[in-house]
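1. Return atomic coordinates for the entry below.
(chains A and B)
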Amino acid sequence: MISAGLMNTLQVTVLVLVAAGATVVVRTRTRVRQVLALSVYGLLLAILFLVVQAPDVTLSELTVGAIALPIILLLAIAKVSKPDRKRER
Amino acid sequence: MTPRQRLWLFAVAAAGLVVCYLWAFTGLPGFGSYPGPYGQEILRVAVQQTNATGVVSAINFEYRGFDTVGEEFILFAAAAGMSVVLRKLREERETEPADEAGSRTVPPSSSAVRVAALLLVGPTAVLGWWLASHAQSNPSGGFQGGVILASAFLLIYLAGEFLSFRRLSPDALLDAVEALGAGGFVAIGLAAIAMNLPYLDNYLPLGTIPGAVSSSGTIALISFFVGIEVAAAFVLIVGELLDQTLLRSA
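-> A predicted model of the protein is given here:
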């Protein structure tokens, strides 16, 4: 069993990571990179839900936030992106 | 307004926001405190009443099963709407699909990606199936299991096997499985009415061992139906998008 102090430290650390991740997503200006950052952010959120003891929400967030949403966004970007790929890369 | 004045205005507003925000924080209940009566009550009675140790599933598929029907049909409607919007229109049959990025050289998937993706297909499918069928004993459920099951199909695509992906998931089959999943959930509820019980009442035997896979009556069955519905809906949505992206002529 993890002690309460360690758990608090863990929760604060993950909260800070989530805040940092959200900032990175907003600050990323390239679309594909932004989606990848969003995927990592989904993973961080999943970890946050795990450390606040909500394992079922963790699974939902992991599947939807880190996998399904980025895939759908990537496909949509691939569909609409025009040949001006120099900016993209 | 000069940029300098605007900055001052922002500084005043931001300071006000910070003060109000901190003030609001002092009134928050303590971390993890839960004043509502229902959570404690359900924790006390759920396992005895349903024989499901996955109490979240017991709540989702039993205590508030009616809400979950609605939630499931959100996804159902989304997948159906996607199929309708992205369908092949009558006049589109005539026109050749135009690649908007024709000059793009598509790099082939690296061997490492292909091997890793193919290796993960089996374990991912098993994990998804396990999650969808163990809602009654673990923190899992049809929704999570269904999406993971769908990502097993996506791994086949990621391995560079687009044609295998489409062959394994023909639209007609996906439509049928999705309808079966969504309809199965509703039918379980209607069967209860036919037995003169409330809608979605748990009329199946609950089993004797709490948390066993065969326990919890309709909860396990509903989770199974939700699982196949969600998996089919996600494969359908991604398949439609892939068709659009890769401009496959059907």
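
2. quick one: the helices in chain B?
-> Taking DSSP state H as the test, the helices found in chain B are B:3-26, B:37-50, B:55-58, B:65-85, B:111-133, B:142-158, B:162-168, B:171-194, B:218-246.

3. who's in contact with the third one?
-> Going back to what we said before, that points to helix B:55-58. For helix B:55-58, contacts defined as Cβ atoms under 8 Å, 6 or more residues apart in numbering or on different chains pick out A:56, B:42-43, B:46-47, B:49-50, B:52, B:135-136, B:139-141, B:216, B:219, B:223. Where you see a C-beta, it was placed from the backbone N, CA and C, and this is true even at glycine.

4. Next SSE downstream of the helix or strand where A:Val24 lies?
-> Assigned by DSSP states H and E, A:Val24 belongs to helix A:4-27. Next along the chain after helix A:4-27, taking DSSP H and E as the criterion, comes helix A:31-51.

5. Going by neighbour count, list what's buried in that following helix.
-> For helix A:31-51, burial by neighbour count (16 or more other Cβ atoms under 10 Å in any protein chain shown) applies to A:31, A:34-39, A:41-51.

6. distance of the most centrally placed residue in chain B from B:Val238?
-> Nearest to the geometric centre of chain B sits B:Phe143, at 4.1 Å (Cα atoms, centre = their mean). Remark: distance between B:Phe143 and B:Val238 (Cβ to Cβ, to the nearest Å) = 16 Å.

7. Equivalent analysis for B:Ser151, please.
-> The gap separating B:Ser151 from B:Val238 is 9 Å, by Cβ to Cβ.

8. Kindly report the same for B:Trp129.
-> Remark: distance between B:Trp129 and B:Val238 (Cβ to Cβ) = 19 Å.

9. Compare these two and say which is more crowded by neighbours.
-> Counting neighbours by other Cβ atoms under 10 Å in any protein chain shown for B:Trp129 and for B:Val238 shows that B:Val238 has the greater number, 22 against 19.

10. these two touch, right, that one and A:Ile71?
-> Yes. B:Val238 is within contact range of A:Ile71, at 6.1 Å (criterion: Cβ atoms under 8 Å).

11. what touches both of the two?
-> Common neighbours of B:Val238 and A:Ile71 (Cβ under 8 Å, 6+ apart) are B:Leu154.

12. Can you give me the distance of the residue nearest to the centre of chain B to chain A?
-> The gap separating B:Phe143 from chain A is 6 Å, by Cβ to the nearest Cβ, to the nearest Å.

13. Give me the nearest residue to that residue, chain neighbours excluded.
-> Nearest residue to B:Phe143, sequence neighbours excluded (Cβ to Cβ, 6 or more residues apart in numbering or on different chains): B:Val230, at 5.5 Å.

14. Give me the packing partners of the lowest-mean-pLDDT helix or strand in chain B, helices and strands only.
-> When the helices and strands of chain B are scored by mean pLDDT, DSSP states H and E, helix B:162-168 comes last with a mean of 79. Secondary-structure packing of helix B:162-168 (3 or more Cβ pairs under 8 Å, 6 or more residues apart in numbering or on different chains; DSSP states H and E): helix B:142-158, helix B:218-246.

15. for the nearest residue to B:Met195 once chain neighbours are set aside, what are its contacts?
-> Nearest residue to B:Met195, sequence neighbours excluded (Cβ to Cβ, 6+ apart): B:Tyr203, at 5.8 Å. B:Tyr203 is in contact with B:191-192, B:195, B:197, B:217-218, counting by Cβ under 8 Å, 6+ apart.
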